[in-house]
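S.K.: any chance you could fold what I've pasted below:
(chains A and B)
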Amino acid sequence: MTARQEPVLPAGQAEPAPPEGAATATTAVAAARPRRQGSYSLTKQDRRFGYALVAPAVIVLLAITAFPLVYNLWNSFHNADYLFPTTFSDFSGVRNYTSMFSGGQFLPSLYRTLGFTAASVAVEFLIGMALALALSRKFIGRGIVRAAILIPWAVPTVVSGLLWKSMFDPQNGFVNYLLNALHLPLAHTTWLGQTWTAWGAVLIADSWRNTPFIALLLLAGLQVIPRDVYEAAKIDGASAIRTFWRITLPMLKPAIMVALIFRTLSSFLIFDIVYAMTNGGPGDSTQVLAYLNWFAMNGESNYGLGAAISVALMVMSLIIAAIYVTAFRTEQVG
Amino acid sequence: MAAVSSVLPAVKAARRRMRTRKAAGWSGFYLMVTIFVVVSLFPFYWILITALKTQPEISAGTTGLFPAHLTWSSFSNILHQATFARSLLNSVIVALSTTILTVIIASLAGYGLARTTIRGKQLIMGFLLVAGFFPVIAMVGPIFITYRSLGLLDNLVGLVIVYFIYTLPLATWFLTGFFGQIPRELEEAAIVDGATRLQALRRVIIPVAVPGIFTVAILGFIFCWNDFLLALMFISSPTKYTAPLAIMNLGQSQYQTYYNLIDAMVVIITLPIALIVLFAQRRIISGLTAGSFR
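M.R.: Take a look at the predicted model:
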């Protein structure tokens, strides 16, 4: 049956008026039934068509996202250590979780990751906001500027890590060259060789790559704020700063929330840049949670331990998202 | 009259002051914008000149903003290394395959979600929304174990499949919105003319949706091209390296980092992406922002 014929059928059947006068409840139902059946089969076919269209995407996504996450939870309570193949997939209770804590790496990595997340999100948000406000103005060369700031975002993350590793190289890097040329101190620093300077370098690389993303999200938010609100504020004699606090910021709230959630979660899961720039070093002073998680799996072949760390990461990501959502919701009510 | 003429110079002065203040504001603004652009682009310049330096100059350390001698040897060196050339090809093959399949699967699903009366639409849309936020690192372990038993480890086909994690949720979400905006009359007219729904989708709706599909394709390609973690987890033999994996494994020995080689690779990997950004900036931005306001 083609779709073209279908609308005709139920319409034709529904056309005859119900018998007049003697129309009891039952005959009314009887008269109504064909129509209902007709439209039912129409929607049924439409639905079947719809399910067929949606099925591939849903099946693929369930297989590569939902299934691994459930399997991961299962793994975290079982042995999945390739070094001990005989006990592989035996139930192990909470042993993966206890060894996660007793390994002594988890909590320090967690604190480092949280510290880095707070610092990077703050820096990237403030600079991103400035950039978004600048780009929301109409000026000559705006398109070029937008493309210029978008390129760092489009570069693969490991590549941007390597790029900044080169920039911070003691011998051939730009940073030491500049300090040397300006006769400033620290011109011979091995930036990636010490804890705090290594963190600084990672933060700069991360901000360089991700600030444009925040700026573009905020810019999109700025562009949907209606012009006349600003005109009204101008007529009322509001200063630029007051306009920003009283109009721009409140109306930008949804965009701010989206940008913050995105950046916080991806900062919390930082891996590529750390891998490329410091490899977790010096020592393990820049080892972040995702790195620890990767090392448990790829380095130690212990996928059970890796699963336990992954579950922790997953739970904390959910908590972060929930905190943002509730924080922004209660503020809107008040 | 006299009063007016006495006021005039003051007004003129005020106007002049305002104009200079405005000009100062604009120059301050341009200064800020220039700083942003320089910070964004200067590292690429530094990488390029490092890649163009000779090995002796690299060993001696940097003394200037320009290399003493320009040489293409790092580029020809790295492109003649079979592993790197092969990795570029692998990256292109994997990214293109995932992109094409994503476009097909996401177009069908997007149309289904936007235009049919299936149940559970909200559920699926909600799933697409959170799927984009799932930490990828939490999926790689189980996928590794599964791939190991399926023989998909160290296999580019396996990589194409997992790359859907990056592309499919956003693409489906974006195209659902895009199809929703196309007027219903268009396909109704086609159906009245005797087309089946699938024909209407292929001949009428898809051509109209080309800009949206283009957006999804570009973003998908960039996401795949950028991946490192999944390639690191699932690929082990150098002939199957993707470009980011190759760049991390070539150009440094245990004792020395050859920055001219690494930076030559950085330049080569960056170039295609930079070109895509320059030509498709608008599409990328619209896709990213629409995608994140899900």
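S.K.: list the residues that contact the nearest residue to residue A:263 once chain neighbours are set aside.
M.R.: Leaving aside its chain neighbours, residue A:263 sits nearest to residue A:121 (5.3 Å; criterion: CB to CB, 6 or more residues apart in numbering or on different chains). Every C-beta, even on glycine, is put in place using the N, C-alpha and C of the backbone. For residue A:121, the contacting residues are A:260, A:263, A:264, A:267, by CB atoms under 8 Å, 6 or more residues apart in numbering or on different chains.
S.K.: could you list which of the residues you listed belong to helices?
M.R.: A:260, A:263, A:264, A:267 (DSSP state H).
S.K.: in terms of secondary structure, what does the host helix or strand of residue B:59 contact?
M.R.: Following DSSP states H and E, one finds residue B:59 within helix B:55-60. Packed against helix B:55-60 by the contact rule (3 or more CB pairs under 8 Å, 6 or more residues apart in numbering or on different chains; DSSP states H and E) you find helix B:259-292.
S.K.: do the helix it packs on and chain A meet at all?
M.R.: Yes. Looking at helix B:259-292 against chain A by CB under 8 Å from any CB of the partner chain, the contacts come from B:259, B:262-263, B:266, B:269-270, B:273-274, B:276-278, B:281, B:284-285, B:288-289, B:292.
S.K.: can you select the buried ones from these in PyMOL?
M.R.: In PyMOL, this line selects whichever of those come out buried by 16 or more other CB atoms under 10 Å in any protein chain shown:
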select buried, chain B and resi 259+262+263+266+269+270+273+274+276+277+281+284+285+288+289+292
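S.K.: sorry, back to before: how near is the residue nearest to residue A:263 to residue A:320?
M.R.: 10 Å (CB to CB, to the nearest Å).
S.K.: which neighbours do those two share?
M.R.: By CB under 8 Å, 6+ apart, the residues touching both residue A:121 and residue A:320 are residue A:264.
S.K.: go ahead and flag the most central residue of chain A.
M.R.: residue A:262 (3.8 Å; CA atoms, centre = their mean).
S.K.: ok, and the closest non-adjacent residue to the residue nearest the centre of chain B?
M.R.: By CA atoms, centre = their mean, chain B has its centre lying nearest to residue B:222, at 3.2 Å. Nearest residue to residue B:222 in three dimensions, chain neighbours excluded: residue A:154, at 5.7 Å (CB to CB, 6+ apart).
S.K.: got the contact list for residue 103?
M.R.: Reading this off chain A. Counting by CB under 8 Å, 6+ apart, the residues that residue A:103 touches are residue A:305.
S.K.: wait, I meant chain B there
M.R.: B:171, B:213, B:216, B:217, B:220.
S.K.: filter these down to the ones in helices?
M.R.: Short answer: these in helices (DSSP H) are B:171, B:213, B:216, B:217, B:220.
S.K.: widest-spaced pair of the residues you listed?
M.R.: Farthest apart among the ones in helices among the contacts of residue B:103 by CB to CB are B:213 and B:220. That separation is 10.3 Å.
S.K.: neighbour count for these two, which is higher?
M.R.: residue B:220 (27 against 20; other CB atoms under 10 Å in any protein chain shown).
S.K.: give me the neighbour count for the closest residue to the more buried one other than its chain neighbours.
M.R.: Spatial nearest neighbour of residue B:220, excluding adjacent residues (CB to CB, 6+ apart): residue B:167 at 3.9 Å. For residue B:167, the count of nearby residues is 25 (other CB under 10 Å).
S.K.: pretty sure residue B:167 contacts residue B:96?
M.R.: No. At 11.8 Å, residue B:167 does not count as touching residue B:96 under the criterion of CB atoms under 8 Å.
S.K.: what ranges in the stretch 151-294 of chain B fall below the confidence cut-off?
M.R.: B:253-254, B:291-294 (pLDDT under 70).
S.K.: now the residue in it that chain A sits nearest to, nearest residue through space, not along the chain?
M.R.: Nearest residue of the stretch 151-294 of chain B to chain A: residue B:289, at 3.7 Å (CB to the nearest CB). Leaving out its chain neighbours, the residue that sits closest to residue B:289 by CB to CB, 6+ apart is residue A:220, at 3.7 Å.
S.K.: show me what contacts residue B:133?
M.R.: Here residue B:133 is in contact with A:261, A:265, A:317, A:321 (CB under 8 Å, 6+ apart).
S.K.: filter those to the buried ones?
M.R.: A:261, A:265, A:317.
S.K.: what about the second one, distance to chain B?
M.R.: So that's residue A:265. Separation of residue A:265 from chain B (CB to the nearest CB, to the nearest Å): 6 Å.
S.K.: can you tell me how far the nearest residue to that residue once chain neighbours are set aside sits from residue B:133?
M.R.: Excluding the flanking residues, the one nearest residue A:265 by CB to CB, 6+ apart is residue A:317, at 5.6 Å. From residue A:317 over to residue B:133 the distance is 7 Å, taken as CB to CB.
S.K.: what sits in contact with each of those two?
M.R.: Contacts common to residue A:317 and residue B:133, judged by CB under 8 Å, 6+ apart, are residue A:265.
S.K.: hey, where'd the strands end up in the chain?
M.R.: No chain was given, so I picked chain A. Applying DSSP state E to chain A gives no strands.
S.K.: hm, I was asking about chain B
M.R.: Under DSSP E, chain B gives no strands.
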